[in-house]
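Student: with the sequence up front, the predicted model follows.
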Amino acid sequence: MKLNLPGKIGLVLLLYLAAATGLTSQAADTVPTRLQIGINLLPAVIAANNGLATIDASKKIQIYLLYRDNSHQVELLRQSLGRIGKIRKHHIDIQVIKLEDMLELDPEPFSTLFIGEALDARLPDLIRFSQEQRALLFSPFKGDVKRGVATGFRVTNRVLPLINMESLKLSKIQLKAFFLRIAVKHE
């Protein structure tokens, strides 16, 4: 059976998600399903960032797991995500951080922000911040991509990446073409 490039990439993404789900089964007992799916999909989204090719392989990729009130859930996600070790030959540095503290940082280039709790009224502040900092913002919460978060996912009969094209453009983030082909786009 010979697969074309999009088929191969889709197969790799599917296999990665299956493996990542197995790695995180311990945390899945205490973490809501949407958060678990999001943290499993996050490495594939980060790997699709074209900007990673421009940074030295010795540099770590910064991933910030954000919370508003409860750090316990995102700490479980950090442990889960930490098991992967590398994304596209780059080691990862995962930090659990309160939203207010994040908004005062100057993150490293090509950082990723993962929303670990629904932010509601503070979400516009974080969206603006991520766009100004050129950071990839990911939310597992339904409706956040429509509100301006750059990436998330949609669940139908399968899990598909969900991309806010305008937010990506404002963040000056370019994702690989194959990833954009398989993603659902919010224009």
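Tutor: Everything's here; your move.
Student: what's the end-to-end length of stretch 49-59?
Tutor: Across stretch 49-59, the terminal residues are separated by 15 Å (C-alpha to C-alpha, to the nearest Å).
Student: when you give positions from now on, start the count at 339
Tutor: Will do, 339 is the new start, and the previous item becomes stretch 387-397.
Student: pull the residues that contact it.
Tutor: 384, 399, 425-428, 446-448, 474, 511-514 (C-beta atoms under 8 Å, 6 or more residues apart in numbering). Where C-beta positions appear, they are placed from N, C-alpha and C, glycine not excepted.
Student: now, those that are in helices?
Tutor: Mapping the contacts of stretch 387-397 onto helices (DSSP state H) picks out Ile384.
Student: can you put the contacts of stretch 387-397 in CSV and add distance to Leu419 and neighbour count?
Tutor: Listed next are those as CSV, based on distance: C-beta to C-beta, whole Å; neighbours: other C-beta atoms under 10 Å:
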residue, distance to Leu419, neighbour count
Ile384, 10, 23
Ile399, 11, 23
Ile425, 10, 21
Arg426, 15, 14
Lys427, 17, 8
His428, 14, 19
Glu446, 17, 14
Pro447, 20, 13
Phe448, 16, 20
Leu474, 14, 25
Ile511, 20, 23
Gln512, 23, 13
Leu513, 19, 22
Lys514, 21, 14
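Student: of the contacts of stretch 387-397, which pair is most distant in space?
Tutor: Glu446 and Lys514 (20.6 Å; C-beta to C-beta).
Student: quickly note the distance from the residue nearest the centre of the chain to Pro462.
Tutor: With distances taken as C-alpha atoms, centre = their mean, Leu380 lies nearest the centre of the chain, 3.5 Å away. Leu380 is 22 Å from Pro462, where distance means C-beta to C-beta, to the nearest Å.
Student: secondary structure element holding the residue nearest to Gly420 when sequence neighbours are not counted?
Tutor: Nearest residue to Gly420, sequence neighbours excluded (C-beta to C-beta, 6 or more residues apart in numbering): Ile432, at 5.7 Å. Assigning secondary structure by DSSP states H and E places Ile432 in strand 428-436.
Student: pLDDT wise, what is Gly348 at?
Tutor: On the pLDDT scale, Gly348 is placed at 53.
Student: which parts of stretch 436-447 are buried?
Tutor: Buried residues in stretch 436-447, counted by 16 or more other C-beta atoms under 10 Å: 437, 440, 445.
Student: closest to Arg416 out of those residues?
Tutor: Met440 (14.3 Å).
Student: distance of the closest one relative to Pro447?
Tutor: 16 Å.
Student: swap in Asn387?
Tutor: 11 Å.
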